[in-house]
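Q: Task: produce atomic coordinates for the following.
(chains A, B and C)
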Amino acid sequence: MSAPRAVITGIGEAAAAPDDSLETMIFRAATAALTDGGRVRADLDGIVLAASDQTDGRAISSMLTAGPAGAYLNDEINVASSPGHALALGYMQILAGTHRCVLVSSWGKSSEAVGGSAPAERLSAEPFFERDGGLSDLGAAAMQAGVNRSRDPERAAAAAAAVVAKNRPGTTAAEVVASALVATPLHELEVAPEVDRSFSVLLERAADFAGAPALAGVGWRSDLGRVGERDLVGLPHLTAAAADAYARAGVADPGAEVGSWHLHDYTPDAEILAYGPLGICAAAEAFDHALRGDDRVNPDGGSLAGVAPFGGPMRTVIEAVRRAREGRARFSVAQLSTGFAGQFQTVAVVEAAA
Amino acid sequence: MSAPRPTRPVAAVGVGQTPFGPTREAPTYVELLQRAAAQALESAALSIDDIDAIVLALAPESLMGVPHAERWCVEYLGAAMKPVLRIQTGGATGLSAVEAGYTHVASGLYDRVLVVGADRVRESGDAQKIFNKIWDPFYERGLPLTTITMIAMSAVRYMHNFGMTEEQMARVSQKAHHNGVLNPNAHIRREVTIEEVLESRYLAWPLKLLDACPQSAGGCAVVLSSADAVDRKSQDPAWISGHSMAGESYYIGDRLELSERGYDYGDAEALAAAAEHAYAMAGITDPAAQIDAVETYASFSPVEIHNAEALGLAERGTAGPMFEEGRFDLDGEIPINPSGGVICTNPISVTAMVRFVEAVLQVQGKAGPHQVEGAKTVVATGAGGSHQFFNVSVVTSEEPN
Amino acid sequence: MSTTTQTEPFVIDQHWDLTYSHTADPVTATFLRTLRDEGRLLGIRCPVCERVLAPPRPICDRDFCETEGWVDLELEGTLELFTVMNLQIAGLPEPPYVLAYVTPVGADTAIAGFLDGVDVTSVQAAAGELKLGAPVSIKLRDERQGRISDLYFELDR
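A: Numbers count the residues shown, from 1 in each chain, chains lettered A, B, ... in the order given. Prediction:
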């Protein structure tokens, strides 16, 4: 007996206008995805959100955001740990056969939080040992970059600058290294800036909708919380998440079979460190690969061009679906991460319709 | 909304709950998680290495004081390298987390899933201050909207519609406290008389102190398993035969006119919607006849009254006198909250999971002094948001076919 | 020498200082500005279900569509819900006082606000004075800030 297969029938995204509230921004992305999929809200039998209360400034954000995301009288669940996890749960709901039509939404409105998402993110540091030690999202990312580059400082810095120039249209490598140091070794242009965005992805069963790309496999794994105890460079949890996703999707040789990779490059080092675990190239060759430039990786610009706080990595899924719809390659891959230095990693494989 | 049947049956094969109590005396958040998880694993005769994925139940973290505490807890659950995700649906979180765990197994991707959570309510002072921040920032902050006042107003509406009395509410509280004495895990364990409830100070009319839940700390966990992975020699499975969730409009002011079902803000409309769907999955056509006991999320006494109606155990507007007559007592026809319920224990992140765990213990015959004899079909419910999200789980000793 | 030892818990105090700047959508903004500057109460209609929503919102969550069509509401309404607050919550007034929901004439949904003018010396007596369905005046404060607290309610006597 085969389980239902998940397909992505609609995608939507919305940037906030100056007079958009958080709720109207979410509504526009949700409506766009439904329209794109030829559905109306009444067709939904479930909503999955990735709502972060601290990012949104609401103590139970999903109370207010569920409605604009389509939840009225529906089954609604908030997977508040990561947009990748929300996608994973929606995927499992289709496979389980309990749902036929699910709208998965995530967002971030940086303009709502004074100081951006950093102050709230900082509070997720473990309260007894790490918070008072000054840990922050930026600090963790910087330490990761530091370890990464310590292996070959000059080449790594050049590789990082090259990735930024690739992912951030209109930026040159020289401008990157000339920008101010914000947290060594990271320069200002090496840190993804925050924007306001909402994303929605409509999932259905393959049996109900021919001709849509499949969400062929999703894998997700978690590392420890304490930054000091993790392998920030080897990223074994990303390797495992990718292995899960590839096995589920039937991808045997990622380097050969995947046409495009959409990664959450919160820093250029985050992208470079993902090459090995995702099978883009061998880990030992990652710097060279970055220096040569791979136009399959973040071909539509990366998070380095601007990413919404918390919910922003869902952009990688939207891009993967667009590429799959073009049908030039069989698979496109999205990688989402959340938490200090990517504690939670999710990999999603999208397969073009036959 | 469709009601397709899931492809794989799912059972709870182990449960754990720590003794609930005041936060200032409780272990740390991560220790509570560990203890609850350890108990559930032990009762399932499994180790953490046998667990394929983990679901964390964590409601507003402003209550226990560490945002995105799912990041912190990975190490303490032995969860490094495993798939871990976290669910947050306000008060309904504990049962939404069970539903998410159920989805993991029913999807076919995982055989054994640990669902776990904990809370330390009052870590950050009075929870009501935090519950004042859940409301619309443009139209409602700055007003005294909190969980207490939202329920008080629902009770006022129900009283206006059906003549419910404060005495009937007090009778619910008296029943709850009596049952709590029989539950070694309950936070509040003392008998109260109806007079004591009526004389306790008003919080927000008509709710009085003894009509209300405490602010509790503690942990809770469940091990879910696919049917194929159940070990009949060492495990005693309790089956999830039906499960559903429904949510109403957030806006209280929109829920005043009668709905299609004939409900208004005095009732629990979305609970009735969720129950219908869950009952359909479980083959329950006559709730009052087929359900042996109910563990329902009611943080205040009037909520149990309208919940009983939403769950199909009484016609709308009639449950108040039934509580007075003892129909829902521990030795009544359909015991409601034999554990003492939320009025005795409210560790918000897991309160709805505790309902599920108590339902499992009942059908396993392991509930101890508050066991409902012969219980084979027990319903557990959760509630969250502006009395807005409701989930329902039907737990049975028989495997669904 | 005492034979019982009780270790003092080791406590770390934390204070969260997070500031948020919530942007109002144009519908909400118009309502609050009009209330503040013109002393008028506005509702908005959903084109599908035709309910007049008060306070107005940009989206009808039932029909999942944008609302349109402003409606001037009367400063009179009906008492739908209330409670007499007896609990002190940080940042809110000293109890007792009354919180209420009132449906303005012309609207299909109710607005929340403080209800003044009821003798609250006894919580129970105050509750006894309040009957659902009673007519209520919607009053505007002389100095308004563009917040829902610019309005409050009083029973019509």
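Q: Show me where the stretch 101-250 of chain A dips below the pLDDT cut-off.
A: Low-confidence segments of the stretch 101-250 of chain A, defined by pLDDT under 70: A:114-115, A:120, A:122-134.
Q: which residues in it form strands?
A: Taking DSSP state E, counting those that start in this stretch as the test, the strands found in the stretch 101-250 of chain A are A:101-109, A:181-183, A:186-187, A:196-205, A:214-222.
Q: out of the ones you listed, deepest packed?
A: Comparing the strands of the stretch 101-250 of chain A by mean neighbour count (mean count of other Cβ atoms under 10 Å in any protein chain shown), strand A:101-109 ranks first with a mean of 30. Every residue, glycine included, has its C-beta placed from N, CA and C.
Q: what's the angle from that one to strand A:214-222?
A: Angle, strand A:101-109 to strand A:214-222, by axes from the mean of the first three to the mean of the last three Cα atoms, to 10 degrees: 50 degrees.
Q: Contact residues of the stretch 251-354 of chain A facing chain B?
A: Listed as neighbours of chain B in the stretch 251-354 of chain A under the rule Cβ under 8 Å from any Cβ of the partner chain: A:339, A:340, A:343, A:344.
Q: and residue B:30, what pLDDT?
A: We have a pLDDT of 90 for residue B:30.
Q: which ones are touching the residue of the stretch 151-300 of chain A found nearest chain C?
A: Nearest residue of the stretch 151-300 of chain A to chain C, counting by Cβ to the nearest Cβ: residue A:196, 9.1 Å away. Shown in contact with residue A:196 (Cβ atoms under 8 Å, 6 or more residues apart in numbering or on different chains): A:15, A:16, A:20, A:25, A:108, A:109, A:110, A:111, A:308.
Q: Residue B:335 too?
A: Going by Cβ under 8 Å, 6+ apart, residue B:335 touches B:293, B:294, B:328, B:329, B:372.
Q: Could I get these in a markdown table, plus columns for distance to residue A:49?
A: Listed next are these as a markdown table, based on distance: Cβ to Cβ, whole Å:
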| residue | distance to residue A:49 |
| --- | --- |
| B:293 | 33 |
| B:294 | 29 |
| B:328 | 35 |
| B:329 | 40 |
| B:372 | 36 |
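Q: could you pull out the helices for the stretch 51-200 of chain A?
A: A:53-56, A:61-65, A:83-96, A:118-122, A:137-150, A:153-167, A:173-178 (DSSP state H, counting those that start in this stretch).
Q: Please tabulate the strands of the stretch 101-250 of chain A in TSV and include distance to residue B:218 as additional columns.
A: Formatted as TSV, the strands of the stretch 101-250 of chain A follow (distance: least, Cβ to Cβ, whole Å):
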stretch	distance to residue B:218
strand A:101-109	31
strand A:181-183	39
strand A:186-187	42
strand A:196-205	36
strand A:214-222	24
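Q: Any buried residues in stretch A:30-39, and which?
A: Buried residues in stretch A:30-39, defined by neighbour count with 16 or more other Cβ atoms under 10 Å in any protein chain shown: A:30, A:31, A:32, A:33, A:34, A:36, A:37, A:39.
Q: shouldn't the last one be in contact with residue A:101?
A: Looking back up the chat, that one is residue A:39. Yes. The pair residue A:39 and residue A:101 passes the contact test of Cβ atoms under 8 Å, sitting 6.7 Å apart.
Q: So for the two, which residues contact both of them?
A: Taking Cβ under 8 Å, 6+ apart as the contact rule, residue A:39 and residue A:101 both touch residue A:202.
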